[in-house]
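*Asks:* with the sequence up front, the predicted model follows.
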Amino acid sequence: MKIALINENSQAAKNSLIYEVLKTVADKHGYEVFNYGMYGKTGENQLTYVQNGLLASILLTSKAADFVVTGCGTGIGSMLALNSFPGVTCGYAGEPTEAYLFSQINGGNALSLPFAKGFGWGAELNLSLIFERLFAEPMGGGYPKERAIPEQRNARMLSNLKQITYRDLLAILKDIDQDFLKETISGEHFKEYFFANAEPSKIVSYLEGILKK
């Protein structure tokens, strides 16, 4: 599994802590973690939680990532932003049980966490436990297990409906403000990670053109 970590500007200073905890858990499963920032560096390219949503959609739709971990001060803004874009089913977790139940019942491909609210003493321990429960079992396994079949059916139904109710991502990329788009994909390591992992597509070609402008 390829996991992308995305932090927005208000919580960028915590990026290295979040990355190290996430990577420690991911390594146990043989998963790769790609840190798309923000990194908390002076003068770096800015990402808002709205841009988190766009970036997550780009990464998941292009197969550059299989799962996205993100968040903001409360975790709510990022969750809303991610779910506003096609190809993303984002949940919220402030503690381990929520992460596990989202993984098993909803089987989504992104999780938003609160990186300010309640992020105090023992925050790194809570993060570790959240990630451990999130990846403890294959996504969509069901909870309780006797509910697995109807829950999987509902998840597929939601995914199918979203393909109808959401616009094509390439059309969105062409219609949104191009400066906003370029800023979203101009992070320090975006080119390195994205183009090495994304499947060839019209979306990838379009983003290559945007970055050359």
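*Replies:* Sure, I can see it.

*Asks:* for S159, which non-adjacent residue is spatially closest?
*Replies:* In this structure, S159 finds its nearest non-sequential neighbour in T89, 7.1 Å apart by C-beta to C-beta, 6 or more residues apart in numbering. The way it works is simple: take the backbone N, C-alpha and C, and place the C-beta from them, glycine included.

*Asks:* burial check on that neighbour, number of neighbours?
*Replies:* Per other C-beta atoms under 10 Å, the neighbour tally for T89 reads 17.

*Asks:* and it, what does it touch?
*Replies:* N83, N106, G107, G108, N109, A110, A155, L158, S159, K162 (C-beta atoms under 8 Å, 6 or more residues apart in numbering).

*Asks:* where's it relative to V204, distance?
*Replies:* The spacing between T89 and V204, counted by C-beta to C-beta, to the nearest Å, is 22 Å.

*Asks:* kindly report the same for Q11.
*Replies:* Note on Q11: its distance to V204, by C-beta to C-beta, is 29 Å.

*Asks:* quick one: which of the two has more around it?
*Replies:* When Q11 and V204 are compared on other C-beta under 10 Å, the one with more neighbours turns out to be Q11, at 23 against 17.

*Asks:* the closest residue to the more buried one other than its chain neighbours: what's it in contact with?
*Replies:* Counting by C-beta to C-beta, 6+ apart, the nearest residue to Q11 once its immediate chain neighbours are dropped is F115, at 4.0 Å. In this structure, F115 makes contact with N7, Q11, K14, I18, G71, C72, G73, G75, judged by C-beta under 8 Å, 6+ apart.

*Asks:* F135 too?
*Replies:* Residues counted as contacts of F135 (C-beta under 8 Å, 6+ apart) are M1, V25, A26, H29, Y31, S103.

*Asks:* so who does the spatially most central residue of the chain touch?
*Replies:* Centrality entry for the chain: nearest residue to the mean C-alpha point is V68, 2.3 Å, by C-alpha atoms, centre = their mean. Counting by C-beta under 8 Å, 6+ apart, V68 touches 3-6, 56, 59-60, 82, 88, 90, 109-111.

*Asks:* can you lay out the residues you listed as JSON lines showing distance to E146 and neighbour count?
*Replies:* Rendered in JSON lines, the data for these read as follows (distance: C-beta to C-beta, whole Å; neighbours: other C-beta atoms under 10 Å):
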{"residue": "I3", "distance to E146": "30", "neighbour count": "23"}
{"residue": "A4", "distance to E146": "33", "neighbour count": "25"}
{"residue": "L5", "distance to E146": "34", "neighbour count": "20"}
{"residue": "I6", "distance to E146": "36", "neighbour count": "28"}
{"residue": "A56", "distance to E146": "32", "neighbour count": "29"}
{"residue": "L59", "distance to E146": "34", "neighbour count": "29"}
{"residue": "L60", "distance to E146": "30", "neighbour count": "25"}
{"residue": "L82", "distance to E146": "30", "neighbour count": "30"}
{"residue": "V88", "distance to E146": "29", "neighbour count": "25"}
{"residue": "C90", "distance to E146": "27", "neighbour count": "26"}
{"residue": "N109", "distance to E146": "25", "neighbour count": "20"}
{"residue": "A110", "distance to E146": "27", "neighbour count": "27"}
{"residue": "L111", "distance to E146": "25", "neighbour count": "26"}
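
*Asks:* kind regards, and thank you for your time.
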